[in-house]
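Chemist: all I have is the shape, not the residue letters:
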Ligand code: FAD
Ligand code: EPU
């Protein structure tokens with residue numbers, strides 16, 4: 001049942017575990033309630049934001065407006081032939097449970113994205129990615145409605161303007177369009193994507209047998225590297241990996257020959273922010289209740305009791321150090337509220 005609450009604690013609704021609250025909180029479990037609330041319940045000038053599971057959000061204070069959770073549930077096969085299945089999941093489904101559902105049915109395409117926190121509805125927003133795969137590789141349709149008019153629209157893959165940790169929903173349509181479902185085209189004949197360094201290393205030891213084994217390997221790699229937000233507050237990578245033009249990268253490489261890099265199309269090069277942060281002296285650094293995670297300095301953790309503002313200030317210091325040492329501007333991946 002949909003719920004409307006006042007002065008609601010968001011502590012369990014943000015993966016940093018920050019003790020913040022919002023003035024109003026509306027969780028819609030069905031589409032008519034969601035549409036009605038956004039069209040009638042929400043006053044034209046009211047402040048509001050959409051929330052999934054809060055795993056990519058940093059609240060720097062209590063939220064004075066309304067938080068809206070599209071908690072719509074359901075998974076359906078909408079098309080099928082002998083090679084492919086089109087599967088549509090509602091926005092409020094938990095992402096990893098959805099991946100597990102697909103892997104159990106031997107539908108291939110999402111297994112490398114195992115254990116990423118969050119909802120299905122958020123997956124297109126920053127085009128989630130891991131281990132050589134991005135959500136855009138399998139997303140065929142994103143459905144939802146414009147908040148202002150209530151008009152329904154189905155975006156095809158090209159219209160989503162997907163890029164590295166980016167889409168039309170993260171910028172132009174932020175807080176203007178509510179995603180209600182996402183459709184993925186998955187293969188019935190498994191296609192194992194094991195090219196990413198640590199995945200390949202694991203599979204040289206133990207060759208890939210089935211999707212479930214690949215999913216399990218991804219889970220183990222992630223658990224060995226990333227903190228579990230239920231134990232240590234964090235939002236995954238705090239910054240994006242910077243992408244430089246090839247000439248800018250060559251200039252940087254002449255100063256720091258050991259810098260790791262990956263091609264990003266023909267004209268750009270991606271560099272690991274974790275390396276820049278480690279080289280700038282921030283790996284495993286702890287200041288009070290905040291620190292970089294010892295095995296992955298791109299992840300900022302709340303050791304308990306930190307405020308969002310303190311986390312933001314800590315991140316700004318890292319950003320300044322990296323800019324001073326390398327001349328590279330880190331861009332936040334996390335949504336700052
Ligand atoms: P939220 O944080 O609640 O919201 C994110 C954004 O989406 C907000 O701007 C929100 O307004 C918007 N939004 C939410 N729902 C809707 C909707 N229905 N319609 C329109 N807009 C909406 N990300 C990766 O890409 N790869 C990783 O490997 C990865 N690893 C992570 C590991 C950890 C331990 C953690 C904590 C995070 C990680 N992340 C990763 C980041 C995070 O999991 C993803 O960004 C995820 O998609 C966020 O989902 P969410 O539901 O929690 O979104
Ligand atoms: N590195 C260091 N020091 C470290 C850790 C890493 O120098 O302590 C360098 C190494 O060169 C390493 C490289 O960073 O090879 C990459 O590290 P890793 O494989 O851990 O990946 P990442 O680039 O740090 C990205 C995503 C993750 C995603 C992983 C796996 C971004 C911003 N982050 O991290 O996504 O899970 O790859 O594909 O693109 C997220 O977005 O929240 C997230 C966790």
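Modeler: The structure has been received and is ready for your questions. Quick caveat, the model's predicted, so the values are computed rather than measured. Ligands and ions are numbered 1, 2, ... in the order given.
Chemist: so where's the stretch 101-250 of the chain shaky on pLDDT?
Modeler: Scanning the stretch 101-250 of the chain for pLDDT under 70 picks out no residues.
Chemist: near ligand 1, which residues of it? Just list them.
Modeler: Applying Cβ under 6 Å from any ligand atom, one finds that the stretch 101-250 of the chain approaches ligand 1 through 116-119, 121-123, 125-126, 128-130, 169, 178-179, 226, 229, 234-236. Placement of C-beta: from N, CA and C, glycine included.
Chemist: who are the packing partners of the lengthiest strand in the chain?
Modeler: Ranked by residue count, the top strand of the chain under DSSP state E comes out as strand 177-187. Using 3 or more Cβ pairs under 8 Å, 6 or more residues apart in numbering; DSSP states H and E, the elements in contact with strand 177-187 are helix 31-36, strand 63-70, strand 84-90, strand 139-146.
Chemist: quick one: the third one to strand 177-187, angle?
Modeler: When you say that, I think you mean strand 84-90. Strand 84-90 runs at 150 degrees relative to strand 177-187, counting by axes from the mean of the first three to the mean of the last three Cα atoms, to 10 degrees.
Chemist: hang on, the earlier thing: in the longest strand of the chain, what counts as buried?
Modeler: Within strand 177-187, the residues that qualify as buried are 177-186, counting by 16 or more other Cβ atoms under 10 Å.
Chemist: so the protein: which segments form each domain?
Modeler: 3-70, 75-225, 233-336 (automatic domain parsing).
Chemist: which of the residues of the stretch 101-250 of the chain next to ligand 1 come close to ligand 2?
Modeler: Restricting these to those adjacent to ligand 2 (criterion: Cβ under 6 Å from any ligand atom) gives 130, 236.
Chemist: mind checking which of the residues of the stretch 101-250 of the chain next to ligand 1 land in strands?
Modeler: Reading strands off those with DSSP E, I get 129-130, 178-179.
Chemist: closest to residue 75 out of those residues?
Modeler: When those are ranked by distance to residue 75 (Cβ to Cβ), residue 179 comes first, at 15.2 Å.
Chemist: wait, doesn't that closest one sit right on residue 70?
Modeler: Yes - with contact defined as Cβ atoms under 8 Å, residue 179 reaches residue 70; the gap is 7.2 Å.
Chemist: next, show the common contact partners of those two.
Modeler: 91, 121 (Cβ atoms under 8 Å, 6 or more residues apart in numbering).
Chemist: residues making contact with stretch 224-235?
Modeler: Contacts for stretch 224-235 (Cβ under 8 Å, 6+ apart): 15-18, 55-58, 117, 236, 293, 295-296, 299-304, 306, 334.
Chemist: for it, buried residues please.
Modeler: Of the residues in stretch 224-235, those buried (16+ other Cβ under 10 Å) are 226-227, 229, 232-235.
Chemist: coming back round to it: okay if I get the helices and strands packed on strand 177-187 as TSV plus mean neighbour count and distance to residue 156?
Modeler: Below are the helices and strands packed on strand 177-187 laid out as TSV (neighbours: other Cβ atoms under 10 Å; distance: least, Cβ to Cβ, whole Å):
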stretch	mean neighbour count	distance to residue 156
helix 31-36	18	21
strand 63-70	20	21
strand 84-90	21	13
strand 139-146	20	6
